[in-house]
Each structure stands twice: as structure tokens, then as C-alpha cells.
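Participant: What follows is a predicted structure for the sequence shown.
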Amino acid sequence: MMARRGSCFYLAGLILAFGLLASGCATPSENLPAEVLGRWATTEPRYADRFFEIQTEILRFGTGGDGLEVYSITRVTTEPHPRGRLFRVTYLVDGADMQFAFHYDASNSTIRLHNQSSFEWLKAGRP
């Protein structure tokens, strides 16, 4: 009887642990609407050869010329903001969490970077 009770607790513990793991494995893009997915560029002359590209689980930065950096998205959070919805995309660089924060304005379909909001980024196409 005791062995049977122990196995039930063991099984219940496994099911609980699996459920917790599964809930923590939600896709990072669940807060990224289709409107923000794609490649974004700006008319700002300083960034004429730069872009960023948001995919469901990948963040790409065009660093000029043929330069390209690709990172895995680990988490996305959003919150309302006067400049449009604020997105905070966390991604990994050499094992460290980095954050790419931007405001998406649905009224004119533009993005402004949180730390550089003086100019807009426009959708340049889908990946």
C-alpha cells in the first residue's frame, strides 16, 4: 500500500513539473502582433544602410553593408505608452540578456526606438 501511495505522489509530481515546464515554454512571440513582424528601415541619413527585422523568434540587425547580426528572442513584454504600445524584446548575446525596446504606433504603422525616438522606422517588407 505504501509503495502504491508513493508512486501516485511521484506521478502527480511529474505531471505538475511537466505542466510548469510547458507553461514556461510559450513562444516568445505571443506578444508580437503581425503588424510589427518584418523588416524596418528609416529615411534618417545616418542609418541609410541599417535595418532591423523582427520575426517570431528571431531578431536581426543590419549593421551596414553586408553586416548582419542575428539573435534569438527569449521574452517579449508590452505595455501601453503615450507614443504607442511599448514593446520590450529580450534577446541573447553571448549568454547575456539584452533588450530592444520600441514604440509601435498603429495609427501610422511606424516604430520609434525607445532610446532614440526622434525619427521613425517604416516597414520595408516581410522577411
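Facilitator: Received the coordinates, thanks.
Participant: longest strand anywhere in the protein?
Facilitator: The longest strand of the chain (DSSP state E) is strand 67-79.
Participant: Mind listing the strands that one pairs with, and their directions?
Facilitator: Here strand 67-79 has these sheet partners by DSSP bridges: strand 58-64 (antiparallel), strand 85-93 (antiparallel).
Participant: tell me which helix or strand of the protein sits lowest on mean pLDDT?
Facilitator: Least confident helix or strand, the chain: helix 2-23 with a mean of 42, by mean pLDDT, DSSP states H and E.
Participant: Helix or strand next in line after it, which one?
Facilitator: strand 38-41 (DSSP states H and E).
Participant: Tell me which other helices or strands that next one touches.
Facilitator: Judged by 3 or more CB pairs under 8 Å, 6 or more residues apart in numbering; DSSP states H and E, strand 38-41 is in contact with strand 50-54, strand 116-125. Where C-beta positions appear, they are placed from N, C-alpha and C, glycine not excepted.
Participant: quick one, what contacts the residue nearest the centre of the chain?
Facilitator: By CA atoms, centre = their mean, the chain has its centre lying nearest to Val89, at 3.8 Å. Shown in contact with Val89 (CB atoms under 8 Å, 6 or more residues apart in numbering): 32, 54, 59, 73, 75-76, 99-102.
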